[in-house]
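K.L.:
Quick one, fold the following:
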Amino acid sequence: MENEDNTVPRVRFGDQRLPDEEDGYVTHERRHQQGLSRQPSVGSLSIHSTGGFRTIKPETALPITYRTLSIEIDEGQQKKQDEARKVKEKAAVGSSLDHSSCITKLTSDPKTGITPLQKEMLRFVLIISLFITCVVILIVILWAAWLRKDHPTWIDVPLLIVNCVSAAVASIPEGLPIALTMSLTIVANIMRKNKILCKSLKTVETLGSVSVICSDKTGTLTKNKMTVTDIYAGGEEYTPEAARDLMAIFRSEKNIATMSKKREDIIDQVRILGGLCNSREFDAATMHLPISDRKINGDATDQAVMRLSESLGSVAELRRDWKKIFEIAFNSKNKFMIRLMTPANECATSNNTTLMIEGAPDILLPRWQSVILLARKPTVVPFSSNQEKEVLVAARYGLTFVGIVGIVDPPRDEIPDVVRILRGASIRIFMVTGDFKLTAQAFAEDCGIISNSALVDDISALGRDEIVFARTTPEQKLRIVKEFQARENIVGMTGDGVNDAPSLKAADIGIAMGSGSDIAIEAADMVLLDSFAAIVEAVQYGRLVYDNLKKTIVYLLPAGSFSELWPVVTNVAFGIPQILSSFLMIIICCLTDCAAAITLAYEKPEADVLLRPPRNPRKDRLVNTRLIFHAYFVVGLLQCLCSFTMAYWYLERQLKFGDYDANYDPEYIAEKVKTASSIYFVTLVVMQLFNLLATRIRRLGIFQQPPVFNKDTQNYLLFPSVIFAVVVVFIFCYIPSLQNTIGTRGIPVEYWFLPAAFGLGLLLLDEARKYCVRTWPNGFLAKIAW
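P.N.:
Residues are numbered from 1 along each chain as shown. Predicted coordinates:
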């Protein structure tokens, strides 16, 4: 088409996001082909599939000639048609995509709030901060009430400040942020190898605490491969194969009975309506393939009807004989599509214009007038500015029934097992779909989502464990998610379509299918790249990462916080040398302990990980009083006492206790203190190696979940971390140049074996504790178990 002055305007696109090449197709001279041309030709129309993104640079310009330009915008399944606008002389046409639709607004809002893991980490930081504050206050009170009066020369104000800072630093497990970040990264990488993509580390654990999963049906629980199984027309039921055979016989025989002619017309009207009242097209590049293998762009329902129509006769020939006058596209609210069609070689009049409508049975059934042969309703051609309203009014009544097409979208093979496993993990799974209620009910029964299909008259009579939401709009899906959240549930939402995007973004964790639309994938926090069955592994890893984070904290706190604090406190309070230097504290936190803690991220799940209910965020804390008690006052206290015992046993053997006379050389004393400090350091490191074996399992014994020789429980990385810790000790304690720099010394060999004995005792003690917890689950030890 041309301008009034035959000039060629240029359409300039702003920085809009449109589909990638593989998500669209190009049409030129009625031929459609998958993939967008990087150099579109004059006369070509680029058509983009729903939910895809494509970035067009501002300088992109396409020359076109036309008198009017009709733009159809598809946002979700809510399609809008802009009135065509005349182009004035020498005018540049700008394309402004309207992003004011409901789905766009709901999806574009930023996600607020923090994840359950972030809440737990914030709470842990507050606990550590409170502990440090209490320690500093006690030191200040000790100095003000006693040391300042009785020992004024021991600590002055500047030294008091230094000691307070030292105590604060000693209380902080510096290796914890490193270990936690690495643990989340490792688990996210493991999940990626299992075809589960996490967009953010902070969401890795969230799925483990999910108590409710709301799932879309089509494309998520189903294979999204719809096929026609039944045709009901003219009072008879046909299979697609029978309909094809009938049409073939009718075309091959010249003389047919009147009754047969009637049956032929019935099937032919189904073919006509399915081919004309359908916005989909076959990809030109796949037209040589069988009908079932040809590529069709668009909705799976329309694809199924399109294949049926093509199997009964050529859709391309059919469409050449008809032309479209007006269309109201299918959307998720109306649930129908309307087209006004007229013969291609005739002018549109009220005598030859037919209103064709295709949609959900529950929406169209009340509009029938009669059940007769042809699926046509003569109608007046709308020419007013409010033509859409006129067409909708005309479609309210007096429709002629042509037929009902039964379509099956089979569930994914793994869905029943997935539902059973999730139920066993005490996760409620609800189906939220826009489908007809009977369709949703039958599908949910097949998948095991509901077991009781009885209808209720009052919503208060509904059970809370098995619910299917049918005929839902995107806004209703969003409200369902928010209502579950308002009842203190951690909600996971799964979906693959644009209509699911708002609820995917609003859920605590949105889970999109890898085959879904780009908008759904962008709105989600996690993507299942392979199949829906991966959600079971995702839940398992989510719970596993929470368990492993608890193990990491329990492992790091005894040596990295408690046992490092007391050398500072005893130095301030009693005036004895600080038995562990600040540099060795850093070595423990950032090297020996941190490396071992990272290996805990590779621990396999314990046997009951998918048999216990999800954690309650209000009660089941990452760090609670039981964990603090175990880390500080059981393991930490034992390690601290054993380390002090080893260090002062060495000093007692070398120096004796009491006042030193002039015969003692200060340098000699300093040398022995350095050796004692190294002994304290070695004792902590060695005992932590046994603590690593104890904390890697929360409930089972070491022989029930061995770290070796069992594929389901093994973790061979534990042993390289042990070797690494020993090598670090040798580097810093036995290399002369480093000894003089950081104040360490080599230690006698017996001070290696005694800490190993202490560590073995710690491991056996923890094994006994776990045995008591398993044997007496309601006993005292079980109640205080971390």
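
K.L.:
residue ranges of the helices in the stretch 201-350 of the chain, please?
P.N.:
240-252, 258-276, 300-312, 315-320 (DSSP state H, counting those that start in this stretch).

K.L.:
in the stretch 651-786 of the chain, which ranges drop under the pLDDT threshold?
P.N.:
658-662 (pLDDT under 70).

K.L.:
Look up how far Met287 lies from Arg294.
P.N.:
7 Å (C-beta to C-beta, to the nearest Å). C-beta: built from backbone N, CA, C; applies to glycine.

K.L.:
Between the two, tell me which one has more neighbours.
P.N.:
Arg294 (18 against 14; other C-beta atoms under 10 Å).

K.L.:
Neighbours of the nearest residue to that one once chain neighbours are set aside, how many?
P.N.:
Spatially, and ignoring its direct neighbours in sequence, Arg294 is nearest to Thr286 (4.5 Å; C-beta to C-beta, 6 or more residues apart in numbering). When neighbours are defined as other C-beta under 10 Å, Thr286 has 15 of them.

K.L.:
Likewise for Asp465?
P.N.:
11.

K.L.:
where exactly do the helices run in the stretch 401-550 of the chain?
P.N.:
For the stretch 401-550 of the chain, helices defined by DSSP H, counting those that start in this stretch occupy the ranges 415-424, 437-447, 474-486, 501-506, 518-523, 534-557.

K.L.:
got CSV for those, with mean neighbour count and distance to Val162 too?
P.N.:
Formatted as CSV, these follow (neighbours: other C-beta atoms under 10 Å; distance: least, C-beta to C-beta, whole Å):
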stretch, mean neighbour count, distance to Val162
helix 415-424, 17, 56
helix 437-447, 18, 66
helix 474-486, 18, 49
helix 501-506, 28, 50
helix 518-523, 24, 52
helix 534-557, 24, 24
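
K.L.:
mind checking which of the ones you listed is nearest Ser183?
P.N.:
helix 534-557 (6.0 Å; C-beta to C-beta).

K.L.:
Now do the closest one against helix 415-424, angle only.
P.N.:
Orientation check (axes from the mean of the first three to the mean of the last three C-alpha atoms, to 10 degrees): helix 534-557 against helix 415-424 gives 30 degrees.

K.L.:
next SSE after helix 534-557?
P.N.:
Sequence order places helix 563-574 as the next helix or strand after helix 534-557, per DSSP states H and E.

K.L.:
Which elements pack onto that following helix?
P.N.:
If contacts are counted by 3 or more C-beta pairs under 8 Å, 6 or more residues apart in numbering; DSSP states H and E, helix 563-574 sits against helix 116-142, helix 157-171, helix 637-654.

K.L.:
Mind doing that once more with 6 Å?
P.N.:
helix 157-171, helix 637-654 (3 or more C-beta pairs under 6 Å, 6 or more residues apart in numbering; DSSP states H and E).

K.L.:
Which residues outside the next helix or strand after that helix are in contact with it?
P.N.:
The helix or strand immediately downstream of helix 563-574 is helix 582-587, counting by DSSP H and E. Contacts with helix 582-587, where a contact means C-beta atoms under 6 Å, 6 or more residues apart in numbering, come from Glu564, Phe681, Ile742.

K.L.:
In TSV: those residues, plus neighbour count.
P.N.:
Formatted as TSV, these follow (neighbours: other C-beta atoms under 10 Å):
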residue	neighbour count
Glu564	30
Phe681	27
Ile742	17
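
K.L.:
mind listing what's buried in stretch 568-584?
P.N.:
For stretch 568-584, burial by neighbour count (16 or more other C-beta atoms under 10 Å) applies to Val568, Val569, Asn571, Val572, Pro577, Gln578, Ile579, Leu580, Ser581, Leu584.

K.L.:
Could you pull up the mean pLDDT of that stretch?
P.N.:
The average pLDDT for stretch 568-584 rounds to 88.

K.L.:
Next: stretch 267-278.
P.N.:
Per-residue scores along stretch 267-278 average to 88.

K.L.:
how distant is it from the center of its chain?
P.N.:
The chain centroid and the centroid of stretch 267-278 are separated by 41 Å under C-alpha atoms, centre = their mean, to the nearest Å.

K.L.:
Work out for me the element Ile400 sits within.
P.N.:
No, residue 400 isn't Ile; it's Thr. Assigned by DSSP H and E, Thr400 falls within strand 399-401.

K.L.:
Give the rounded mean pLDDT of that strand.
P.N.:
Rounded mean pLDDT across strand 399-401 is 81.

K.L.:
Adjacent strands (with direction) for it?
P.N.:
The pairing partners recorded for strand 399-401 under DSSP bridges are strand 368-371 (parallel).

K.L.:
before we move on, back to that, show me the one of the helices of the stretch 401-550 of the chain that comes nearest Asp299.
P.N.:
Of these, nearest to Asp299 by C-beta to C-beta is helix 518-523, at 14.6 Å.

K.L.:
What is the closest one packed up against?
P.N.:
Using 3+ C-beta pairs under 6 Å, 6+ apart: helix 518-523 touches helix 501-506, strand 509-513.

K.L.:
Export the ones you listed as TSV, with columns for mean pLDDT and distance to Arg307.
P.N.:
As requested, the helices and strands packed on helix 518-523 are arranged in TSV below (pLDDT from 0 to 100; distance: least, C-beta to C-beta, whole Å):
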stretch	mean pLDDT	distance to Arg307
helix 501-506	91	28
strand 509-513	92	23
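
K.L.:
how about JSON lines for these, with distance to Arg396 added?
P.N.:
Listed next are the helices and strands packed on helix 518-523 as JSON lines, based on distance: least, C-beta to C-beta, whole Å:
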{"stretch": "helix 501-506", "distance to Arg396": "30"}
{"stretch": "strand 509-513", "distance to Arg396": "37"}
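
K.L.:
So, low pLDDT: which residues of this protein?
P.N.:
1-112, 251-264, 348-350, 367-387, 452-463, 658-662.
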